[in-house]
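**Student:** kindly generate the corresponding structure for this input.
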Amino acid sequence: MATLTLRATGRAAPDEVWRRYAEPARWPTWSPQIRAVRVSGERIAPGQRGEVVSLLGVRARFAVEAVDETARTWSWRVRVGPLRLRLHHEVHPAPGGAGTLLRITGPAAAVTAYALPARWALSRLVRP
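**Tutor:** This is a model prediction of the structure:
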């Protein structure tokens, strides 16, 4: 197992960045690798399950493990076939806007492969 931590800062307000995370319908607007999200509910919540569809049509099932609206943190597990990743997200105020942190844990090859699209998505997440 490997763990990689990515960070990004931008001029978007922390509350807006959190809304972009907390509302799965908004994920494709800032995460270019996501084509669609299928989930019940308008906001992430512990125990919530759903599916993300990538631009290539790959379907990843997910389960939200924890959400702390006050601290603006959340964690989820994502599964594609036998491959499993755990992702932990944080949003915090930063000079001039917001910062975000993503910690990815899983098989080293999968963590490495996901790092590039994740970096791109995080940079878009914190843009105004």
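
**Student:** just list whatever residues bridge to I104.
**Tutor:** L4, L87 (DSSP bridges).

**Student:** I figured it was touching A113, is that so?
**Tutor:** No. Counting by C-beta atoms under 8 Å, I104 sits too far from A113 to count as a contact (10.3 Å). Glycine gets a C-beta too; all of them are placed from N, C-alpha and C.

**Student:** pull out the buried positions in the helix or strand harbouring V64.
**Tutor:** Element membership of V64 [criterion: DSSP states H and E] is strand 59-68. Buried residues in strand 59-68, counted by 16 or more other C-beta atoms under 10 Å: A60, F62, V64, V67.

**Student:** ok, which stretches of this protein are helices?
**Tutor:** 14-22, 27-30, 108-125 (DSSP state H).

**Student:** in CSV, list those along with mean neighbour count, distance to P46 and mean pLDDT.
**Tutor:** Below are the helices of the chain laid out as CSV (neighbours: other C-beta atoms under 10 Å; distance: least, C-beta to C-beta, whole Å; pLDDT from 0 to 100):
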stretch, mean neighbour count, distance to P46, mean pLDDT
helix 14-22, 19, 13, 98
helix 27-30, 17, 18, 97
helix 108-125, 16, 21, 96
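
**Student:** make a markdown table out of these and add distance to G97.
**Tutor:** Putting those into a markdown table (distance: least, C-beta to C-beta, whole Å) gives the following:
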| stretch | distance to G97 |
| --- | --- |
| helix 14-22 | 8 |
| helix 27-30 | 14 |
| helix 108-125 | 11 |
